[in-house]
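>>> Would you be able to build a 3D model of this:
(chains A and B)
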Protein chains: 2
Amino acid sequence: MSWLDVTYRVRAAPAELDAVATAIALEQSVEVPAEVIRDAFIAENIVGRVEEVHRGADGVHQVRIRLATATTGFDVAQTLNMMFGNSSMHDHVELVDVEFPPDFVARFAGPRFGIQGIRELLGADTRPLTCAALKPQGLAPERLAALCHTLTLAGVDIIKDDHGLADQSYAPFAARVAACQRAVARAQRETGRTTLYAPNLVGSPRTLSAQAQIARSEGAQMVLLAPALVGMPAFAELVSEELDVPVLAHPSYAGAARVAPPFLLGKWFRLLGADAVVFPNFRGRFAYSEQVCAGIARNARAPWANLRPALPVPAGGVIVERSRELVHFYGADVMILIGGSLLKAGDRLLERTQAFVAAVHDSAAEIVPVAAATA
Amino acid sequence: MSWLDVTYRVRAAPAELDAVATAIALEQSVEVPAEVIRDAFIAENIVGRVEEVHRGADGVHQVRIRLATATTGFDVAQTLNMMFGNSSMHDHVELVDVEFPPDFVARFAGPRFGIQGIRELLGADTRPLTCAALKPQGLAPERLAALCHTLTLAGVDIIKDDHGLADQSYAPFAARVAACQRAVARAQRETGRTTLYAPNLVGSPRTLSAQAQIARSEGAQMVLLAPALVGMPAFAELVSEELDVPVLAHPSYAGAARVAPPFLLGKWFRLLGADAVVFPNFRGRFAYSEQVCAGIARNARAPWANLRPALPVPAGGVIVERSRELVHFYGADVMILIGGSLLKAGDRLLERTQAFVAAVHDSAAEIVPVAAATA
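Residues are numbered from 1 along each chain as shown, chains lettered A, B, ... in the order given. You can find the predicted model right below:
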């Protein structure tokens, strides 16, 4: 039998820490008081075990708990339940990390394209990649398509819908995807370079299926999905059962969870099939630290069983002038995403985007080889 | 046109509060700097508006922001996105409440049974209701069925699966549901009273459909679902498209969100179709306050457009001796859920559960009429 090795950060008085750790182990497994467990099979194979208690100096501690793999049924929703179901309602507990056993990981395909697959679609072997966003919402399809045309002419690798673009009256999904994909295709014929358009799929499971079908029939070569909005089980099922293009995962609503971003965005989204992961960059509009961002990128790219590496996509208030710094920080296996700040250029969007693309490409020559950077 | 009226709790220095409020209004609508908005339609109809800034004394303030209903596309996932997508990644922002406009609410059916529908199934007009849980996980189907038999003999109204019971090797879903439903039916014939069994549905959308089909064919008259585990859009779609029995919603993983429980569990889950809502009771295993619990119950039961009231189900470390106190606190339109502490009784489970049922029924005679309590 095998176990998930789950690390929680816990606030507790030192004298109570052992009792708190035991309570988490029970809460996240059998959810009954210890004395109710009279069955030897359950005591040995089902009850969570406190493996290690690491006392912190400041009342914040780390607790490692083993949860039986059998309790997950190898199901995404049930695994969330075991990792952090009831403990999510305990303010003093945060989920920091999970080490999954090989027999668990083997049930998940992870990214089907990964970094290498995205690079092959783009014909970009080793250089850092660029991404721009279609926004603001409220623009009609033809206005979004005009943005696509300009951004493609400027040589951006991937154009993604803003994650706010859904199926709204002023820009219905089908009309938007058709217009944008046509605009990208037309501009590509002028540039001779490849640009991928990633429409945002959002909705209930049936809506997602219908949108995936439209995206495919319009020829979209990538999609954007926010796992925490559509539901992580629905995300994983859609990726494995209905999509045949790379998936760019967006963190919308995911930050709501008291779950450490390196685990949630870097490791868990990758396990569920994200080929690339958008996350808030340090010193941008969001208060993620350099350490957290480095942790997300490390978990997305690190060697991990049978799972392909996923592409880190820092975003959220990134500006052209920081492109070089970010390529140096993350290494070449990265895609820099600039959204709103490019659009500030107004009539000079083409030139500003060209400057962005050039800055990212040029900085690649300066950095150490990828293998060394990610080791 | 109409607007969602969204209240956030914000930590900010007083001098920065106005700027922070404006930033939230942009982040949760167009997600670009204000100067990018050059389009009159977008400026008037799409950009979020700061309606009110209520300064707190302690650096914690309340901000009311109006978000255009049109941006939601009347979709569950996209509405989550608009209410708290990117702001969920901002540690200084919490989602407190949302007032939905009538044209939005009219698109949702809410609970199909509600309190009255559940009462009719049970033949229990006005008294408070009782609920027990099947646990711990690890028990084989026949052991769970034996618990069902005893709990039904004791006269419990509803027996729910522990939310940890999924589709595991030691108690596969189909075998468990069949065994438990049969045991409840057999004991009912002895008591002549009605007890409903609510199996837990958990998994990806396709798994949920298959489980709903099995539950129906076995004759289960209620189901348990955790919206935050299965994904809220999948939850809402399953309720409206595939279920024809009352739905008991469980808060697993939902507490992870920095979203106020009275809104999330009491109002939002009700809008999505929960007929009854389990939540952590005050002074139990979870640190929810009396005020928060009263707020959940109020939102679940208050008159609200076309939506039926949902049944509040306090739980989480409740013991038999507190039954009377809780009926007095919540009024008669409540279902008291006791899980682990009943099971501590071991061989005396029948007697202990009978005492629970009697305590709840007896306390009903002491309280003021429901209409007065919930007014």
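
>>> Contact partners for A:V318?
Shown in contact with A:V318 (Cβ atoms under 8 Å, 6 or more residues apart in numbering or on different chains): A:281, A:284, A:326, A:336-339, A:341. Any C-beta I mention is one placed from the backbone N, CA and C, and that applies to glycine too.

>>> What's the per-residue pLDDT of the nearest residue to A:A166 once chain neighbours are set aside here?
Nearest residue to A:A166, sequence neighbours excluded (Cβ to Cβ, 6 or more residues apart in numbering or on different chains): B:Q78, at 4.0 Å. Looking at B:Q78, its pLDDT stands at 96.

>>> ok, and the most crowded of the contacts of A:V318?
A:I336 (28 neighbours; other Cβ atoms under 10 Å in any protein chain shown).

>>> circling back: which SS state does the residue nearest to A:A166 fall under?
On the three-state scheme (DSSP: H, G, I helix; E, B strand; the rest coil), B:Q78 is labelled helix.

>>> Around it, count how many other residues there are.
27.

>>> list the contacts for it?
Neighbouring residues of B:Q78 by Cβ under 8 Å, 6+ apart: A:166-167, A:202-203, A:229, B:71-72.

>>> so where do the helices sit in the stretch 151-300 of chain A?
Counting by DSSP state H, counting those that start in this stretch, residue ranges of the helices within the stretch 151-300 of chain A are A:173-191, A:205-218, A:227-230, A:232-242, A:261, A:269-271, A:290-301.

>>> Could you dump these into a markdown table and include distance to A:T126?
What follows is these, written out as a markdown table (distance: least, Cβ to Cβ, whole Å):
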| stretch | distance to A:T126 |
| --- | --- |
| helix A:173-191 | 21 |
| helix A:205-218 | 29 |
| helix A:227-230 | 29 |
| helix A:232-242 | 26 |
| helix A:261 | 27 |
| helix A:269-271 | 21 |
| helix A:290-301 | 14 |
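
>>> Please identify the deepest-packed of these.
helix A:227-230 (a mean of 30; mean count of other Cβ atoms under 10 Å in any protein chain shown).

>>> So for it, mean pLDDT?
96.

>>> CA-only coordinates of that helix in CSV, if you can.
What follows is helix A:227-230, C-alpha atoms only, in CSV (Å, rounded to 0.1, in the frame of the first residue of the first chain):
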residue,chain,number,x,y,z
PRO,A,227,-9.2,25.2,-13.2
ALA,A,228,-10.6,26.8,-10.0
LEU,A,229,-13.4,28.5,-11.9
VAL,A,230,-14.6,25.5,-14.0
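
>>> Contacts for stretch A:278-285 next, please.
Around stretch A:278-285, the neighbours that count as contacts under Cβ under 8 Å, 6+ apart are A:248-251, A:255, A:261, A:265-266, A:286, A:288-290, A:292-293, A:296, A:312-318, A:326, A:337, B:23, B:27, B:89.

>>> hang on, A:H250 packs against A:L225?
Yes: here A:H250 lies in contact with A:L225, judged by Cβ atoms under 8 Å, at a distance of 6.9 Å.

>>> where do the contact lists of those two overlap?
A:N200.

>>> Of all the residues in the stretch 151-300 of chain A, which one is nearest chain B?
Closest approach between the stretch 151-300 of chain A and chain B, counting by Cβ to the nearest Cβ: A:G231, at 1.4 Å.

>>> With adjacent residues omitted, what lies nearest to that residue?
In space, A:G231 is closest to B:G231, 1.4 Å off (Cβ to Cβ, 6+ apart).

>>> Dihedrals phi and psi, the one you found?
phi 100, psi 130 (degrees, to the nearest 10).

>>> ok, it - contacts?
So B:G231 contacts A:77, A:230-235, B:205 (Cβ under 8 Å, 6+ apart).

>>> so which pair among those is furthest apart in space?
Greatest spacing in these, by Cβ to Cβ: A:A77 and A:V230 (12.9 Å).

>>> List, one by one, the residues from the stretch 51-200 of chain A near chain B.
Residues of the stretch 51-200 of chain A lying near chain B by Cβ under 8 Å from any Cβ of the partner chain: A:70-73, A:75-78, A:80-82, A:84-86, A:88-92, A:135-139, A:143, A:162-164, A:166-170.

>>> Got a quick ChimeraX command for the buried subset of the residues you listed?
Selection of buried members from these for ChimeraX, criterion 16 or more other Cβ atoms under 10 Å in any protein chain shown:
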select /A:70,71,72,73,75,76,77,78,80,81,82,84,85,86,88,89,90,135,136,137,138,139,143,162,163,164,166,167,168,170
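
>>> Show me the contacts of A:V318 that map onto helices.
Mapping those onto helices (DSSP state H) picks out A:326, A:341.

>>> got JSON lines for the contacts of A:V318, with pLDDT too?
Listed next are the contacts of A:V318 as JSON lines, based on pLDDT from 0 to 100:
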{"residue": "A:N281", "pLDDT": "96"}
{"residue": "A:G284", "pLDDT": "89"}
{"residue": "A:L326", "pLDDT": "96"}
{"residue": "A:I336", "pLDDT": "97"}
{"residue": "A:L337", "pLDDT": "97"}
{"residue": "A:I338", "pLDDT": "96"}
{"residue": "A:G339", "pLDDT": "91"}
{"residue": "A:S341", "pLDDT": "90"}
